[in-house]
Every structure is written in C-alpha cells, then in structure tokens.
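> Would you be able to build a 3D model of this:
(chains A and B)
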Amino acid sequence: MTEEQMLAGCLQNDAASQDALYSRHSPRMLGVCYRFAKNREDAEDMLQEGFIKVFSQIHQYRNEGALEGWIRRIMVHTCINSLKKNKKFSDSVDISFAGGIGIREEAIPGIMQAKEVVECIRMLPLGYRTVLNLYAIEGYSHKEIGMMLDIEESTSRSQYTRAKTMLEDVLVKKKILQKPKEKISTVSAAM
Amino acid sequence: MENKYNIENFERFLREKTDEFKMYPSKRVWYSIYNNMHPGNRLPSVSMCIILICSLFLVGYLNTDTQKHLAANNDTDKANMLLASQYTGTDKEQSSAGVYKQWLTDDLPQNPSIQKTNNLNEAIEDQSRDNTDIKSIASKYRLSFQDDNKKQAAGRNTGLNSDAAQSNTTVRNVHTTIISPDATVSMNENAGFTTADNEPGTLIKTEKNTASIQSASTVPLSGTATITIGETQENIQGQREKTVNTAVNDIVIQKNTVETTTDTPGTDNALSVTTAKVTDIASNSNDVKNTENNATAALTESDKAWIENFAMYNRPVPKKWAGKLSWQAYVTPSAVYRKLYNNTTDKSLSGNGNGNFNNSDVDNTVIQKPSFGIETGLSLQYDLLKWVKVKAGVQLNYTRYNAHAFENQHPISTSLIMNGDDNISAYEIFRSTPYSNTVGLVPIKLHNETYQLSLPFGADVRLFANGKLAWYAGATIQPTIVIYANSYLLSSDRRNYVKDASMLNRFNLNAGFETYISFKTSNYTWQAGPQFRSQIFSTNNKVYSVEERLMNYGFKIGVTKKL
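Numbering: from 1, shown residues only, chains lettered A, B, ... in the order given. I've put the predicted structure just below:
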C-alpha cells in the first residue's frame, strides 16, 4: 500500500489503511516516545494517544512535508503534554544541577550503539533529557522549547548545556563517542 | 574499532543513532487505537468480558434450585396438615421466642405413633415468614416416626388405649384462627375447668405474663374456658393441665380446629381439637389484640403415606451452626504487577567497577509489563457477630507478568549473582541463555508465571447495610504453595534472562485486602468489589540477588449461600 493510498484510506477511517500506517511508523515513533518516557509502558501509552490524534486529525495533513515528520511532531507534543501532567516533570526542568551518572567503562559494538545511546539519554535527569531530546534530536529552537515547556529560553539553554556535558561524558566512558585529540592532550597537560 | 564520531559532531551523532532506534509496540496498543477509532467494532476483549460476566450471572441464576423452591410451596398444605394432626409430644414446648404453648384438646383418638413436638400455628407462621420447605419444618419441629413399642407407650402416656392409638386418622379440616392485635380479648380467669373426677381447675395468672390452669387432681382436666374476642365469645374446651406462658410483645391468640374421623368401618368419630395459644396477657388488663385467618386442607392416603415416608427418613438433625455458616465461591480476575529490588549481600558490589554487576535500579532497567492473573476459590464463612464474619478456604491462583526481551539463535553465556551463606559475600554462577534483555534477533515476551494453591483465612467487617445491600471490607492472610512456575531470572549485568525455576520460594505468604458490595437475593448473596493481593516474601529465595514481589489488583465476584 502506497502512502497516498494509506492517507486516502485513513481519511475514510478505513481500519486496514490505519493498520498499515500504524505498522509502518509505530516502531520509530515508539522509539521517540521511549526517549521521553519513564518506561516502556508509559511510552506505549504515549504512542497510543499520539496515533489516536494522528488518525483523528489526518485531514489536517496537507502533504506539504513528509508524513513521518508530521506524525513525529504530533508524537513529540503528545509526549510533552503527557510529561507536563506529572508534577515531578515541572520541578525537574527547572533544576539547575543534577547529580552525575555512574557508568562502567566499556566498549559497545557498533550494532548495539543505537540502543545504548537511547538508554544513555534515558539515564539523564528528566528535565535535561527532555530539553536534549527536543533541541539536539527533534530540532526545536530554545525559544520553541521554552514555550513548550513553560520555561525561560535561557533555562532551556543551560539545561541543554548541562545535559550535553553529562551525556558526552557517559558516551565517552562507554567508548561510543571519542573526545577530540586536542581535548585529550589538554586534559593530559593539565594533569 | 575506530569510532567515526566525536564530540564535535555531537548533535548529528545523536540524530543518526536515535533515528536508527526502533521499538516494536505490543498488540495492546493497536487494539486500543482500533477500539478508539472504531467504537462500533470493538475487538473481542470487551465483548468477551461482558459474555464472561453474563455467563457467571446465568450460572448463578440457574443454580438457585427453583424446583426445590416450588416444591416447598406446593407442599405447604401437606406440612400444615402434618404438623396439625399428628403431633403427640410434649405439652409444653418452648419456641424460639421463649413462649409456652397451651394445647386444650378433646378426647380424640390421635395417632400416637407420631410424636407431636410443636404447634401447627408456629409452623405456619414460620413457613410463611421464612418460606422454608417441608423438610426444614419437619426437622425443625423434630417430627419422627415411632416404632410399635413406642407407639404403645405413647398411647399409654396420653391415656388412650392401644386400639385407638393404632387406628388410622383422617383429617378433614384444619381451622386456624390468628387473632390480630387490633381486636380485644378478655378471658374469664375462673373458667369452669374441671378434671375427670370433678375436681375444679382454674386459670390463674402466675406471673406478669404467665397464666396456667391448675387443679389438685392428677386426672386430666376437662371443661370450658370462655374467651371474649371483641363482641364474640369463644369457648375453649380443655383436658389435662396446661400452662400458658405469654410473651410481652407477641400479642396473638390462635384457635385451631381439626376434625378427624377414624377410618374404622362402622364408626364415625367426629373429633375436634381446639387450641389456644395465648402469648400476651397484659398485667392488669384482659385486653388482647387479635386477628383471624382460616385455612383448610385435606390429607389423603397418598399424602399420609408421603408424610410417613418423609418422617421416617428425615429424623431430626440438630444444626448447631444453622444460620451462621455459609459457603462462598468466587473468582477474581486481576492485573499482576511486580516490584524488583537489589538484594545483594555483598555491599561492595554497589560500585560501578565490579565486572558484570549492574547496580542500577533493577526495577527500571528492564522492560516488564503487567499481565493477566486470576484467583478462584471456595471459602466457609461464619458470622461471628452481626457485622463480623470470619472465613477460611482454599484458593487457586495464577499470576503472570511479561518481560520484553529478544531471542537469539545461539545462546550466550551470562552470569547470575548469588548471595553467600554468610550473608556477607556474593558469588557468580554462569548460565547460557538465548534470551537477551537489550538486543537480539526476535522480539519475544517471556511469561513469568506461577500456579499457586493458597489457604486464605481472615475476616470481613460490615461497614454499612441498607436492606438487601451491604458494604464490607475484609482482609485475609494466605499461606501459599507454588505448584508450578516459569521463572526468568535477570543476569547480573541485567542484559539477559535465564530460565530457571530452581530459585523459587516454594512456600510464601500473601495478604489480601478487599472491599465489596453484597446484594441478597432469595437464596444467595452476591458480592462484587475490588481486591488487592500482595506477596509478602520474595518470589525467589534468599540466594538469588534480586527480590521480586508480586501485586495483584483484581475485581472479585462471589456468591454466598447459607448452610
């Protein structure tokens, strides 16, 4: 079934077309939700809510961009709305400092890196993780993030900086990411 | 292996890696979306639940034994006649209300082979009140059939000769007079009761609410007392000394007339039995309120045979627990959750540099989801107080939760952290497993499941009652034995699952908490309400370093019947 056929079927509320659309996009979208969610169960709940919105609002899609991008934006907004319902979230996005993450140094095979990177992101404190997801991966600006999360733009920037530092540290320890050579030499010289 | 990424292109790296990441949602998600988008074509889960609940109600309804109920109603007349005509037992009988009945009878040739134990009117009242069947009446009033020797003895005791005692009796009519509290009755206390040897007998109030007919003679009394009911005077004929004991609030006077004839050819002994049951006499007044009700029935030969047969095989069985004991059958569909804890005795493993050990929060590092469980059982309940029931029974439990994992074609080696016997040290054991927690070929659900047998005991407390409805809260302790289990253990690095049931605690203890609404129907009481069941000790034994506690959130549906 082509994307046009799926879209036409979904506009008619056809179950087979909806199933096809869901089957095609749900694995990646669940990955998106999983990066925001506390656990897989919450991620599936977000995915479910997101796809109901997708099918309910499919007539608003105007073929101006990729369908996956449109679905993804709905998913991200669904995730943010779901997180904002939790009081802990609003507390966590405003914190200025979070403790470090204990990580064992090890080399991860390339084939497992995607999963490991996502798991490392999920190890970040909720506020850091959300800002990092929105800025570095989903491509929202700090201004947009501030509006989405009801925080200052500067807060978003500082949250991202800390999140990035923390995640870099984790990924380097796991040998998924390398430090630039000049940085390593600087650190060595300092020692 | 040289990584092509470095911190300089951090955002690009993150985007690429996260785009590669895919997860496959469970079927439940699609079912929920489908049901939401197509509410008219809901997938079977909802309809199956409705069918299941309807089936339970249907089974309960069909098991209410309506035939027995109908049979009881049809046999009401038989029971009345039986109890009216053929009782020959003690003259004074204490009813449940503590009231003594008086029987004043003519010289009728009663059938002494059947023991009289109680009053017809009480039987009729009880039957209409409780809607009990003939069996319960017969056993309640200790109806029994005597052998020949006892027949003769009974005949002698009642002053009747053995021929008369053995003659067959046919009851023609039963007249029951229940005098309502609205009418007034005055009784001539000095009524002319006389004994057979002409000694006078008098009706005397001996206590506030007690009156008796007394005479100096040992020969049975005979005579007539006059009771004024409203404007009508009724005569009561009497024989033998009787005692009238009345209750304070039970204002009823009854008069029964039973006409009988022997079926001996050539005789026509029309007999009448007049019974007066005075259950309240005001201390300083003769005013008693009364009502009247007549019932007529006939006893045929076949009825009599049935009665005799029934009496033969339904000897009295004392029921010490009657009315207080009941049994309950129930089923509780539930959602089974689990909570995992690190339980390593070697606290030095809590650092990050201990080889394969992963000390992160084990409860959140694995993807496990609740699943369906069910509990079903039978229990015996005893009404300790009006508002407290204690109960004990037997229960079968099925618990399950799912671990999302991957299955690999080739098993890999992994290790489990075990606690040492000294409660200080820990050691690793190695296993090979095809199940990976993090990455693998085929996504798979691992079912951690147990089949258990429990012996729950506890108590229910009534919080509120209104007519047929009542609200209860209860708790039970449930010693449990695991009959069979599938158990998947987490490896020390939390990356793999190892199928191994040898670490299970065979015996465990559960606590159950429930609240429910009960609704009484004619024969059964139905209960429905939420239930929470929590496992007190870990599913696995102390040697394995991960503790697991199961929690069931269920909805209990039960039916209770009084024994």
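
> Tell me where the model's unsure across chain A.
Counting by pLDDT under 70, chain A contains low-confidence ranges at A:87-112, A:179-191.

> tell me the domain ranges of it?
For chain A, the structural domains run A:1-85, A:87-191, going by automatic domain parsing.

> what about stretch A:144-160, near chain B?
No. Judged by Cβ under 8 Å from any Cβ of the partner chain, stretch A:144-160 and chain B are separated, with a smallest distance of 10.2 Å. For the C-beta atoms, the positions are set from N, CA and C on the backbone; glycine is no exception.

> Dead centre of chain A: give me the residue that sits there.
Nearest residue to the geometric centre of chain A (Cα atoms, centre = their mean): A:N133, 4.0 Å.

> what kind of secondary structure is the nearest residue to that residue once chain neighbours are set aside in?
Ranked by Cβ to Cβ, 6 or more residues apart in numbering or on different chains and with sequence neighbours excluded, the top spatial neighbour of A:N133 is A:R35, at 5.2 Å. Secondary structure assignment for A:R35 (DSSP: H, G, I helix; E, B strand; the rest coil): helix.

> got the contact list for B:Y337?
B:370, B:401, B:550-553 (Cβ atoms under 8 Å, 6 or more residues apart in numbering or on different chains).

> Let's see that with 6 Å instead.
B:Y337 makes contact with B:370, B:551, according to Cβ atoms under 6 Å, 6 or more residues apart in numbering or on different chains.

> what separates it from chain A, distance-wise?
According to Cβ to the nearest Cβ, to the nearest Å, B:Y337 and chain A sit 10 Å apart.

> does that residue have beta-bridge partners, and which?
Taking DSSP bridges as the rule, B:Y337 bridges to B:M551.

> per-residue pLDDT, it?
Note on B:Y337: pLDDT of 90.

> Distance check, it against B:V331.
To B:V331, B:Y337 is 20 Å away according to Cβ to Cβ, to the nearest Å.

> swap in A:F51?
With Cβ to Cβ as the criterion, A:F51 and B:V331 are 34 Å apart.

> Would you map the helices across the chain?
As the question left the chain open, I've gone with chain A. A:3-11, A:15-36, A:40-56, A:67-84, A:87-93, A:113-123, A:126-132, A:142-149, A:153-173, A:181-190 (DSSP state H).

> not what I meant, chain B
Under DSSP H, chain B gives helices at B:10-20, B:27-37, B:44-62, B:66-74, B:76-85, B:120-130, B:134-140, B:148-157, B:162-166, B:301-313, B:362-365.

> lowest-confidence stretch among these?
For those, where the average pLDDT is lowest is helix B:162-166, sitting at a mean of 36.

> just to revisit the earlier point, tell me the contacts of the residue nearest to A:N133?
A:118, A:121, A:133 are the contacts of A:R35 under Cβ under 6 Å, 6+ apart.

> Go again with 7 Å.
Listed by Cβ atoms under 7 Å, 6 or more residues apart in numbering or on different chains, the contact set of A:R35 reads A:118, A:121-122, A:133, B:18.

> In a markdown table, list the residues you listed along with distance to B:V362.
Listed next are the contacts of A:R35 as a markdown table, based on distance: Cβ to Cβ, whole Å:
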| residue | distance to B:V362 |
| --- | --- |
| A:V118 | 19 |
| A:I121 | 20 |
| A:R122 | 15 |
| A:N133 | 25 |
| B:T18 | 25 |
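
> Of those residues, just say which sits nearest to A:I145.
A:N133 (9.7 Å; Cβ to Cβ).

> re the thing from before, do you know how far the residue nearest to A:N133 is from B:M551?
Taking Cβ to Cβ, one finds A:R35 at 28 Å from B:M551.

> So, low pLDDT: which residues of chain B?
For chain B, applying pLDDT under 70 flags the ranges B:1-8, B:40-47, B:49, B:61-298, B:315-322, B:345-360, B:423.

> Show me what the longest strand along it is packed up against.
Criterion DSSP state E: the longest strand present in chain B is strand B:388-419. Counting contacts by 3 or more Cβ pairs under 7 Å, 6 or more residues apart in numbering or on different chains; DSSP states H and E, strand B:388-419 packs against strand B:325-342, strand B:368-385, strand B:426-436, strand B:442-454, strand B:457-466, strand B:496-499.

> give me that answer again for 6 Å
Counting contacts by 3 or more Cβ pairs under 6 Å, 6 or more residues apart in numbering or on different chains; DSSP states H and E, strand B:388-419 packs against strand B:325-342, strand B:368-385, strand B:426-436, strand B:442-454, strand B:457-466.

> what is the orientation angle of the first one with strand B:442-454?
Going back to what we said before, that points to strand B:325-342. 140 degrees (axes from the mean of the first three to the mean of the last three Cα atoms, to 10 degrees).

> got the CA positions of strand B:325-342 in CSV?
Extracted in CSV, the C-alpha atoms of strand B:325-342 (Å, rounded to 0.1, in the frame of the first residue of the first chain):
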residue,chain,number,x,y,z
LEU,B,325,-22.4,-20.8,58.4
SER,B,326,-22.2,-20.1,54.7
TRP,B,327,-20.1,-21.1,51.9
GLN,B,328,-18.7,-18.8,49.2
ALA,B,329,-17.5,-19.4,45.7
TYR,B,330,-15.6,-16.6,44.0
VAL,B,331,-13.4,-15.6,41.1
THR,B,332,-11.1,-12.6,40.9
PRO,B,333,-9.6,-11.6,37.5
SER,B,334,-6.6,-9.4,38.2
ALA,B,335,-3.7,-7.5,36.8
VAL,B,336,-0.4,-8.8,38.1
TYR,B,337,2.4,-6.3,38.8
ARG,B,338,5.8,-6.9,40.1
LYS,B,339,8.4,-4.9,42.0
LEU,B,340,12.1,-5.8,41.9
TYR,B,341,14.7,-5.0,44.4
ASN,B,342,18.5,-5.4,44.6
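
> Flag every residue of chain A that's near chain B.
Within reach of chain B by Cβ under 6 Å from any Cβ of the partner chain, chain A has these residues: A:15, A:26-28, A:30-31, A:34, A:40-41, A:44, A:47-48, A:51-52, A:55, A:102, A:104, A:112-115, A:117-118, A:136-137, A:168, A:177-178, A:180.

> Make a PyMOL selection of the buried ones in those.
Burial among those is assessed by 16 or more other Cβ atoms under 10 Å in any protein chain shown; the matching PyMOL selection reads:
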select buried, chain A and resi 26+28+30+31+34+40+44+47+48+51+52+55+104+113+114+115+117+118+136+137+168+177+178
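
> can you list the domain ranges for chain B.
Listed domain ranges for chain B are B:69-313, B:322-562 (source: automatic domain parsing).

> Mind listing what's buried along stretch A:65-85?
So for stretch A:65-85, counting by 16+ other Cβ under 10 Å, buried means A:67, A:70-72, A:74-76, A:78-80, A:82-83.

> in stretch B:518-528, what counts as buried?
Under 16+ other Cβ under 10 Å, the buried positions of stretch B:518-528 are B:518, B:523-527.

> Outside of it itself, which residues are in contact with it?
B:64, B:468-470, B:516, B:557-561.

> just the buried members of the residues you listed?
Applying 16+ other Cβ under 10 Å to these flags B:470, B:516, B:557-560 as buried.
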